[in-house]
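Undergrad: coordinates only, sequence not included:
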Ligand SMILES: [Zn+2]
């Protein structure tokens, strides 16, 4: 591989902001300086642009089997879209089907992604069956296979763990130096509400959020934080939506526990009123779990990000075509849950967070790249602009104004939750391991360029 010089950009890291040049030799950054005079095979002038570390989306579901269908992006289309949006690494979920072992679960996801992913990728494993056999697999997964984070569910019958099993898993994962991530909703409370709505014939989309109230999340968060305290296991709540849950997280953090939170753009930028939209094809786009919320909860998520209680912005990217959503046209419980977002994350957060003066550039870089890199064992290879790190860079024009249109996005789905929104700031050029991945709105990489990342142990030094 050759050399590449990125000149005159404004380099943004979690602690610094400075004008300078970046010299890339092969796949990694070899010099960062105010002015680099060495000549390179190619020079990119980034004057007037920010240089961010490549985005890390710690929560995606490519080609995920759900309710007899699967999410509409696969590892080719979904990772192409990720790169267009400035995300150079995703961490997808390998979901255990009860009865399967964890290594064969991981292999299934390797089969989906290997030779196909365009961006770099890792896997969390969702553990749905805690028993002697699965427990005995953990050590090898952490030490040899590069899986150091394990997802657990407190909702969904096919996936949820009873609290005893969760505690057992947490003790084991702590012992290995890993981290537990959790879908934090009280499944029993939700199941009862769904049954009640079905009995009463309340089956239109507007009832979906009423069956998954924010209290189901805060209740589960309370329980989870207690288990984190009892076991000492590092614990991370995925896709948080509720102010109540964020408060429990904050309290647990104040006790000194290694507890962390993630939220997603849909919980910052969208309103629950959409569930009552008369057009099913619009309302069904918002069917995801947990649901989008009212302003009081959205404010809680912003506050969490600003205060550092919530450290990661991921997407839970899990798109379905409108035709797939129509499976539940008469019954919201049959609508596949999930929404697209992997391509929108950086531009949305910049435009509505940084440009609006709600968060600063350092927070932007932390929640989109540095913090997920640390928590999921990718730092400092990923998530930072530093000598020796992978040359994963986003050249971002903060002044370009554009409008989000589904037809100009690259995700394989026929709607965009932010359609027509005016965005200030645009991903212009994206580098992955020193290769130009995105330029002039085109993806220049081919399937299989993405590497599987064997992740290390989490690093909890998050400021
Ligand atoms: Zn998810």
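TA: Structure received. Since the model is a prediction, treat every value here as computed from it, not as a measurement. Numbering: from 1, shown residues only.

Undergrad: what comes up buried for the longest helix along the chain?
TA: For the chain, the helix with the greatest residue count under DSSP state H is helix 214-231. Residues of helix 214-231 classed as buried: 214, 216-225, 227-228, 231 (neighbour count, 16 or more other C-beta atoms under 10 Å). Where C-beta positions appear, they are placed from N, C-alpha and C, glycine not excepted.

Undergrad: likewise stretch 257-276?
TA: Applying 16+ other C-beta under 10 Å to stretch 257-276 flags 257-270, 272, 274-275 as buried.

Undergrad: restricted to helices, list these.
TA: Checked against DSSP H, those include these in helices: 266, 267, 268, 269.

Undergrad: and for the closest residue to the second one other than its chain neighbours, the neighbour number?
TA: Right, residue 267. Leaving aside its sequence neighbours, residue 267 sits nearest to residue 241 (C-beta to C-beta, 6 or more residues apart in numbering; 4.6 Å). Neighbour count for residue 241, taken as other C-beta atoms under 10 Å: 29.

Undergrad: just residue 279 next, same as before
TA: With other C-beta under 10 Å as criterion, residue 279 counts 9.

Undergrad: now do the contacts for the spatially most central residue of the chain.
TA: Closest to where the C-alpha atoms of the chain average out (C-alpha atoms, centre = their mean) is residue 314, at 2.6 Å. By C-beta atoms under 8 Å, 6 or more residues apart in numbering, residue 314 lies in contact with 57, 58, 59, 60, 238, 239, 262, 263, 264, 345, 372.

Undergrad: of those - the most surrounded one?
TA: Top of the contacts of residue 314 by neighbour count (other C-beta under 10 Å): residue 57, with 33 neighbours.

Undergrad: quick one: it is in a strand?
TA: Yes: the assignment for residue 57 is a strand, going by DSSP: H, G, I helix; E, B strand; the rest coil.

Undergrad: now it: how far from residue 89?
TA: Look at residue 57 and residue 89: by C-beta to C-beta, to the nearest Å, they are 7 Å apart.

Undergrad: so where's this protein shaky on pLDDT?
TA: 1 (pLDDT under 70).

Undergrad: the same query, at a cut-off of 80, please.
TA: The chain contains residues with pLDDT under 80 at 1, 463.

Undergrad: that older thread, would the residue nearest to residue 267 count as being in a helix?
TA: No: read with three-state DSSP, residue 241 is coil and lies in no helix.

Undergrad: that one: what's it in contact with?
TA: Per C-beta under 8 Å, 6+ apart, neighbours of residue 241: 214, 217, 263, 267, 290, 291, 292, 293, 297, 301.

Undergrad: ramachandran coordinates for it?
TA: phi -130, psi -20 (degrees, to the nearest 10).

Undergrad: again, but for residue 33
TA: According to degrees, to the nearest 10, residue 33 has phi -160, psi 170.

Undergrad: before we move on, what about the one 10 residues further on?
TA: Residue 43 has phi and psi values of phi -120, psi 130 when expressed as degrees, to the nearest 10.

Undergrad: cool, residue 390 as well?
TA: phi -60, psi 140.

Undergrad: mind listing what's buried along stretch 320-337?
TA: 320, 324, 325, 327, 328, 332, 333, 335, 336, 337.

Undergrad: closest one to residue 67 out of these, please.
TA: residue 336 (5.1 Å; C-beta to C-beta).

Undergrad: hmm, residue 323 and the closest one touching each other?
TA: No: Residue 336 is beyond contact range of residue 323, at 10.7 Å (criterion: C-beta atoms under 8 Å).

Undergrad: looking at the buried residues of helix 214-231, which one is closest to residue 124?
TA: Checking the buried residues of helix 214-231 against residue 124 by C-beta to C-beta gives residue 224 as the nearest, at 16.4 Å.

Undergrad: what ranges do the strands span in the stretch 151-300 of the chain?
TA: For the stretch 151-300 of the chain, strands defined by DSSP state E, counting those that start in this stretch occupy the ranges 179-183, 235-237, 259-263.

Undergrad: now for residue 189, how many residues are close by?
TA: 18.

Undergrad: please disregard the earlier target; I meant residue 299.
TA: Counted with other C-beta under 10 Å, residue 299 comes out at 13.

Undergrad: give me the distance between it and residue 51.
TA: Taking C-beta to C-beta as the measure, residue 299 falls 31 Å from residue 51.

Undergrad: right, and residue 194 touches residue 332 too?
TA: No: using C-beta under 8 Å, residue 194 is not in contact with residue 332; the gap is 9.2 Å.

Undergrad: how many neighbours does residue 254 have?
TA: 9.

Undergrad: residue 402 now?
TA: The tally of other residues near residue 402 (other C-beta under 10 Å) stands at 15.

Undergrad: doesn't residue 32 fall inside a strand?
TA: Yes: assessed by three-state DSSP, residue 32 belongs to a strand.

Undergrad: in contact with it, which residues?
TA: 11, 20, 21, 22, 23, 385, 386, 387.

Undergrad: what's around the residue lying closest to residue 448 once chain neighbours are set aside, how many residues?
TA: Nearest in space to residue 448, with sequence neighbours left out and distances taken as C-beta to C-beta, 6+ apart, is residue 115 at 4.3 Å. Neighbours of residue 115 under the rule other C-beta under 10 Å: 12.

Undergrad: okay, and residue 115 sits in which element?
TA: In this structure, residue 115 sits in neither a helix nor a strand according to DSSP states H and E.

Undergrad: quick one: it from residue 61, how far?
TA: 20 Å.

Undergrad: returning to that earlier point: can you pick the most crowded of the contacts of residue 32?
TA: Scoring the contacts of residue 32 on neighbours with other C-beta under 10 Å, the highest-scoring entry is residue 385 at 28 neighbours.

Undergrad: so that one touches residue 394, yeah?
TA: No: under the criterion of C-beta under 8 Å, residue 385 makes no contact with residue 394, lying 10.0 Å away.

Undergrad: shared neighbours, these two?
TA: Common neighbours of residue 385 and residue 394 (C-beta under 8 Å, 6+ apart) are 51, 52, 53.

Undergrad: by neighbour count, which of those residues wins?
TA: Neighbour max across those (other C-beta under 10 Å) = residue 53, 29 neighbours.

Undergrad: list phi and psi for the closest residue to that one other than its chain neighbours.
TA: Distances taken as C-beta to C-beta, 6+ apart put residue 369 closest to residue 53, at 4.3 Å, once the chain neighbours are dropped. With angles defined as degrees, to the nearest 10, residue 369 sits at phi -140, psi -60.

Undergrad: kindly report the same for residue 70.
TA: phi -140, psi 160.

Undergrad: distance check, it against residue 27.
TA: Distance from residue 70 to residue 27, by C-beta to C-beta: 32 Å.
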